[in-house]
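**Q** Just the structure for this:
(chains A and B)
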Number of protein chains: 2
Amino acid sequence: MSEIRQDPTTKEWVIIARERSKRPNDFIHRQPKPELPSFSPSCPFCPGNEAMTPPDSFALRGKDKKWLIRVFPNHFPALTPDGTTNRREESGFFLAMDGKGIHEVIVETPQHNAPLALADESRVLNLLLTFQKRYIALRQMPFLKLILVFQNHGASAGTSLEHPHSQLVATPVVPRHIRIRHEIAVQYYDDTGRSLYSDIVDHELKAGDRIVMATDKFTVFHPFASHSPFETWILPRTCQASFSSASTEDIKGLADVLRTTLLKLYRGLNNPDYNFILDGAPIGDENRDYYPWHIRIIPRLTEVAGFEIGTGIYINTALPEETAKFMREFKAE
Amino acid sequence: MSEIRQDPTTKEWVIIARERSKRPNDFIHRQPKPELPSFSPSCPFCPGNEAMTPPDSFALRGKDKKWLIRVFPNHFPALTPDGTTNRREESGFFLAMDGKGIHEVIVETPQHNAPLALADESRVLNLLLTFQKRYIALRQMPFLKLILVFQNHGASAGTSLEHPHSQLVATPVVPRHIRIRHEIAVQYYDDTGRSLYSDIVDHELKAGDRIVMATDKFTVFHPFASHSPFETWILPRTCQASFSSASTEDIKGLADVLRTTLLKLYRGLNNPDYNFILDGAPIGDENRDYYPWHIRIIPRLTEVAGFEIGTGIYINTALPEETAKFMREFKAE
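**A** The predicted model follows:
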């Protein structure tokens, strides 16, 4: 019999389908991806091609003054800083507004073929510090309500350019998706006097069988109600609402576990496509007892189908206890 | 500048990204799919191979007594009728329950290579009547709370078997996904005294530019806040909460518009992968002024990426007004 589990952060159900369940080994990517060159003349993110992109909003440079990380507005932005946040009625009924916001690209390395999973700790640290710099700069803009940083790795994760890059989108609205999570966490706090996310970490640590790794600052685990195989969460032990509040010491600790987590996924599943998401509370609603900043990594190993689209209930064909054990025991280096 | 539009059924926002926007023509599938045989000896859904599947729960037979449509429990079910609906605590914190429910397969035709989009009207009608028969039979089971019928067409829509088939999943819980839509519709009714979904149809008809086709009974349109290119909704003019209440006359009218809609998609976009979803109100919460049964067709033309997973805000790279015009004007036969 399968099991239906509730995601405590959304109250949504997930079906853990034992009858269909696969072993962790079944998810290893069998077809190696084509090798990439370290420089591609036509790539707009490769050094020397900076004119193919908008000018930098930020760059981290090495001792030789060459850039290590570049940040600039997306050339095909989903949102731009123009316009207003006024809502307007269309056709006398529907609600719309200008696509006002920020959409930036963060080129993570000059090297075309150097995925983040194979980066050394200083590169991961520099990238996370860059994310934080942009968080801190953008949260001053009064029309922004949420900042999300994400990385799409591989074609099935929705990327069109293979050069390692992340993106930052800052929206002028708080999405319902976040509001719902925030409201559930506030209700939990009102009922218990405790942070929902801290309690999740405590109970995951107590159960132990879904933990990939844990340090004194961070817990990496496959959540009880994982939506898809190898879904991975990284939560700080001390919750903070906004990534802009994380100390450099925190970020060093995060760089360490993130690097290991990505390397384990890369080596253990043979470079799977994945989405990496760093989110947190809406700007201004930053009570650390409610919705903390955290990281989710979603390997793209299965397809969402009609049932998931129609009900929001995901069918997960892997047991988080088994996938976490696989990752916990996998020696990546 | 792009536009942010609100989906009135979820209050969620969608970014209509004009800067990234593509013409309807850009979505035509360029690589023809491989031709399939009309019979495949190894296919469990082909005639003669009935022993490879569980026994029928229903079959529609022709004059020669051979089956035209077969319904049987999924061999790899996400949910089964065993167990209880009692919630239990796991690790002293998390909520879980037995995977109790129904998961059926509906083989739509004996012919291995006959997609629904190319079916004649009587086959589409028979299929919809079969859906309704199973709805009516299953809604008697007291532990079921929601019945969803769906079809996954093509590998990127999540199907593993190419023989034309739909699936029915009946769940012992009301998903939050549906609860939220239901609550928004109830609130709308309380505020206005009208059905949200009827009002959407009225305003779409008044605007006109997102309509694909309209009859006296059904409206086919690309919604104002379409989440992805060519997202298509079919809504009845007279709302009913459950598909089990639809009259045979209604279903005949639906067969007519569904066949034309699928054929237009098939010919217009060159047989795209898609998900078809038929849902309605939770069993027992069936006030027709709130959440009506309806059909959504989601062609799988783009990938969901980190931004969508992290915020629930979809970035749609096509204008629903342009894709609806393309479909409205496309002559499929």
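**Q** buried set for stretch A:160-169?
**A** For stretch A:160-169, the neighbour count (16 or more other C-beta atoms under 10 Å in any protein chain shown) marks A:162-169 as buried. Yep, even glycine has a C-beta here, placed from its N, CA and C like the rest.
**Q** filter the residues you listed down to the ones close to chain B.
**A** Among these, the ones lying near chain B by C-beta under 8 Å from any C-beta of the partner chain are A:167, A:169.
**Q** of the buried residues of stretch A:160-169, closest to chain B?
**A** residue A:169 (5.5 Å; C-beta to the nearest C-beta).
**Q** which SS state does that closest one fall under?
**A** For residue A:169, the assignment made with DSSP: H, G, I helix; E, B strand; the rest coil gives strand.
**Q** residue contacts, it?
**A** For residue A:169, the contact set (C-beta atoms under 8 Å, 6 or more residues apart in numbering or on different chains) comprises A:78-79, A:101-104, A:147-148, A:150, B:307, B:311.
**Q** Just the element for the nearest residue to residue A:125 once chain neighbours are set aside, please.
**A** Nearest non-adjacent residue to residue A:125, counting by C-beta to C-beta, 6 or more residues apart in numbering or on different chains: residue A:255, 4.0 Å away. Residue A:255 belongs to helix A:248-268 when assigned by DSSP states H and E.
**Q** what's that helix packed up against?
**A** Contact partners of helix A:248-268 among helices and strands, from 3 or more C-beta pairs under 8 Å, 6 or more residues apart in numbering or on different chains; DSSP states H and E: helix A:121-138, strand A:211-214, strand A:218-221, strand A:232-236, strand A:294-299, helix A:320-329.
**Q** quick one, what contacts the residue lying farthest from the centre of chain A?
**A** Largest separation from the mean C-alpha position in chain A: residue A:92, at 37.7 Å (C-alpha atoms, centre = their mean). Residues near residue A:92 by C-beta under 8 Å, 6+ apart: B:203, B:206.
**Q** That one looks like it's in a strand, true?
**A** No: using three-state DSSP, the assignment for residue A:92 is coil, not a strand.
**Q** wait, doesn't the residue nearest to residue A:125 sit right on residue A:130?
**A** No: the criterion here is C-beta atoms under 8 Å, and residue A:255 misses it with residue A:130 at 11.7 Å.
**Q** rewinding a little: for chain B, see how far away the residue nearest to residue A:125 is.
**A** The gap separating residue A:255 from chain B is 19 Å, by C-beta to the nearest C-beta, to the nearest Å.
**Q** Output the helices and strands packed on helix A:248-268 in CSV; the columns should cover mean pLDDT and mean neighbour count.
**A** Converted to CSV, the helices and strands packed on helix A:248-268 look like this (pLDDT from 0 to 100; neighbours: other C-beta atoms under 10 Å in any protein chain shown):
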stretch, mean pLDDT, mean neighbour count
helix A:121-138, 97, 19
strand A:211-214, 98, 20
strand A:218-221, 98, 24
strand A:232-236, 97, 22
strand A:294-299, 98, 22
helix A:320-329, 97, 20
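**Q** can you pull the buried residues of the helix holding residue A:255?
**A** Across helix A:248-268, burial judged by 16+ other C-beta under 10 Å covers A:250-266, A:268.
**Q** Average pLDDT for it, rounded please.
**A** Mean pLDDT, helix A:248-268: 97.
**Q** And chain B, is the helix or strand following it touching that?
**A** As assigned by DSSP H and E, the chain's next helix or strand after helix A:248-268 is strand A:274-279. Yes: Strand A:274-279 lies within reach of chain B by C-beta under 8 Å from any C-beta, at A:275-277, A:279.
**Q** Partner strands of strand A:274-279, with direction?
**A** Paired strands of strand A:274-279, with direction, are strand A:146-153 (antiparallel), strand A:294-299 (antiparallel) (DSSP bridges).
**Q** before we move on, back to that, and of the contacts of residue A:169, the nearest to residue B:176?
**A** residue B:311 (17.0 Å; C-beta to C-beta).
**Q** Make JSON lines from the helices and strands packed on helix A:248-268 and add distance to residue B:316 to it.
**A** As requested, the helices and strands packed on helix A:248-268 are exported to JSON lines (distance: least, C-beta to C-beta, whole Å):
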{"stretch": "helix A:121-138", "distance to residue B:316": "24"}
{"stretch": "strand A:211-214", "distance to residue B:316": "35"}
{"stretch": "strand A:218-221", "distance to residue B:316": "34"}
{"stretch": "strand A:232-236", "distance to residue B:316": "28"}
{"stretch": "strand A:294-299", "distance to residue B:316": "21"}
{"stretch": "helix A:320-329", "distance to residue B:316": "32"}
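**Q** Out of the ones you listed, which is closest to residue A:22?
**A** Short answer: helix A:320-329, nearest of the helices and strands packed on helix A:248-268 by C-beta to C-beta, at 9.2 Å.
**Q** Who are the packing partners of that closest one?
**A** Against helix A:320-329 (3+ C-beta pairs under 8 Å, 6+ apart) you get strand A:211-214, helix A:248-268.
**Q** Can you show me the strands along the stretch 1-150 of chain A?
**A** A:3-6, A:13-16, A:58-61, A:67-73, A:88-90, A:94-98, A:102-107, A:146-153 (DSSP state E, counting those that start in this stretch).
**Q** Show me the shaky parts of the stretch 101-250 of chain A.
**A** Within the stretch 101-250 of chain A, no range satisfies pLDDT under 70.
**Q** ok, which residues in it are in contact with chain B?
**A** By C-beta under 8 Å from any C-beta, the residues of the stretch 101-250 of chain A that approach chain B are A:146, A:148, A:150-152, A:155-159, A:167, A:169, A:171-173, A:175-178, A:180, A:199-200, A:203-204, A:206-207, A:224-225.
**Q** Which among these count as buried?
**A** Applying 16+ other C-beta under 10 Å to those, the neighbour count classes A:146, A:148, A:150-152, A:156-159, A:167, A:169, A:171-173, A:175-178, A:180, A:200, A:203-204, A:207, A:224-225 as buried.
**Q** give the contact list for residue A:131.
**A** Listed by C-beta under 8 Å, 6+ apart, the contact set of residue A:131 reads A:106, A:149, A:166, A:168, A:243, A:278.
**Q** So which of those is the closest to residue A:324?
**A** Nearest to residue A:324 among the contacts of residue A:131: residue A:278, at 21.0 Å, using C-beta to C-beta.
**Q** That closest one pairs with what?
**A** Here residue A:278, judged by DSSP bridges, has bridge partners residue A:149, residue A:295.
**Q** and it, how many neighbours does it have?
**A** When neighbours are defined as other C-beta atoms under 10 Å in any protein chain shown, residue A:278 has 25 of them.
**Q** Residue A:71 too?
**A** Neighbour number of residue A:71 under other C-beta under 10 Å is 22.
**Q** wouldn't it be in contact with residue A:130 here?
**A** Yes: between residue A:71 and residue A:130 a contact is recorded at 6.6 Å, counting by C-beta under 8 Å.
**Q** what touches both of those two?
**A** Any residue near both residue A:71 and residue A:130 by C-beta under 8 Å, 6+ apart counts here, and that gives A:58, A:106.
**Q** okay, how far is it across stretch A:32-49, tip to tip?
**A** Taking C-alpha to C-alpha, to the nearest Å, the first and last residues of stretch A:32-49 lie 28 Å apart.
**Q** now do stretch A:39-54
**A** OK, stretch A:39-54 end separation, C-alpha to C-alpha: 20 Å.
**Q** which of the residues in it are buried?
**A** Neighbour-count burial for stretch A:39-54, counted by 16+ other C-beta under 10 Å, picks out A:40, A:43, A:45-46, A:50, A:53.
**Q** Generate a markdown table for those, with pLDDT and distance to chain B as supplementary columns.
**A** Listed next are the buried residues of stretch A:39-54 as a markdown table, based on pLDDT from 0 to 100; distance: C-beta to the nearest C-beta, whole Å:
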| residue | pLDDT | distance to chain B |
| --- | --- | --- |
| A:40 | 97 | 22 |
| A:43 | 97 | 19 |
| A:45 | 98 | 17 |
| A:46 | 98 | 22 |
| A:50 | 97 | 21 |
| A:53 | 96 | 15 |
